[in-house]
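J.: please find the sequence and the predicted model below.
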Amino acid sequence: MTNTVDITQFNSEGFESFLSARPQPSWLEQRRRTAWSTFEEMDWPTRRQEEWIRTDIRLFKLDKFGLPAAVDTPSQTVDSLLGDGLELGGQVTNVDGICTSSRICEELSAKGVIFGSLDELAGEHSELIESHLMNSGFDAATDRFSALHAACFTGGVFLYVPRGVNVDLPLHTVSQ
C-alpha cells in the first residue's frame with residue numbers, strides 16, 4: 001500500500017495548504033483558523049509553568065515535522081487484528097490521519113446510528129458535531145500545543161447513537 005503525502009512546514013503558507021487539501025464545512029475551517037491564530041500568538045510553554053515543570057521541550061523543533069498538504073488516498077484496506085468471521089456493525093480505517101475506508105451496516109444505519117470518518121461526517125451532520133467538536137472538555141487556548149492540535153488535527157471517528165437505540169454489533173476503528 002502506498003500513501004503519498006505532500007508535507008508542508010508549520011507556517012502560514014503550510015497551514016493554508018493544509019486547509020485547502022481538507023474537505024470541511026466552513027464552521028470547522030473557521031475554528032481551525034482561530035486556533036492557528038492562537039497558536040501563532042502564544043509562546044512555547046516553559047519549565048517555570050507548573051504544568052510543564054517536569055518537561056523539558058528545549059530539544060523539540062517544530063521545523064523537523066510537517067503538515068500533510070495533499071494526499072493520495074490508498075484504495076487498499078489495512079488488515080486488522082480482528083479474526084475473520086466476526087460480524088462488525090461498522091469499521092473505520094485511518095492511515096496517517098487520512099480515512100481510507102468507512103462503513104456501517106444497514107441495520108444500524110436504519111436505526112439512525114451514525115458512525116464513520118469525522119472528516120466526512122463533519123459536513124454531512126454538522127448539526128450533531130458542531131456544538132461538541134473542540135468545545136466540550138477541550139480548550140485550544142490552554143497552551144501552544146493545544147492550539148496547534150485544534151488547528152491541525154487529522155483523522156478521527158464520529159459515533160452517534162440515538163436515545164433508546166441499542167448497538168449490539170461491535171464498531172471497530174483501525175489507525176495506522
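T.: Sure thing, it's come through.
J.: all helices of the protein, in order?
T.: Taking DSSP state H as the test, the helices found in the chain are 12-20, 26-41, 106-110, 118-124, 126-129, 144-152.
J.: quick one: least confident helix or strand in the protein?
T.: strand 4-8 (a mean of 57; mean pLDDT, DSSP states H and E).
J.: shaky segments in the chain?
T.: For the chain, applying pLDDT under 70 flags the ranges 1-7, 69-84.
J.: residue contacts, the spatially closest residue to Asp43 that is not a sequence neighbour?
T.: Once flanking residues are discounted, Asp43 sits nearest to Arg144: 6.8 Å by C-beta to C-beta, 6 or more residues apart in numbering. (Glycine included, C-beta is placed from N, CA and C.) Applying C-beta atoms under 8 Å, 6 or more residues apart in numbering to Arg144 gives the contacts Phe39, Met42, Asp43, Trp44, Pro45.
J.: with adjacent residues omitted, what lies nearest to the fourth one?
T.: Once its chain neighbours are removed from consideration, Trp44 has its nearest residue in Arg144; the separation is 5.5 Å (C-beta to C-beta, 6+ apart).
J.: Ser117 versus that neighbour, what's the distance?
T.: 28 Å (C-beta to C-beta, to the nearest Å).
J.: what residue of this structure is the furthest out?
T.: Distance to the chain centre peaks in the chain at Arg48, reaching 30.9 Å (criterion: C-alpha atoms, centre = their mean).
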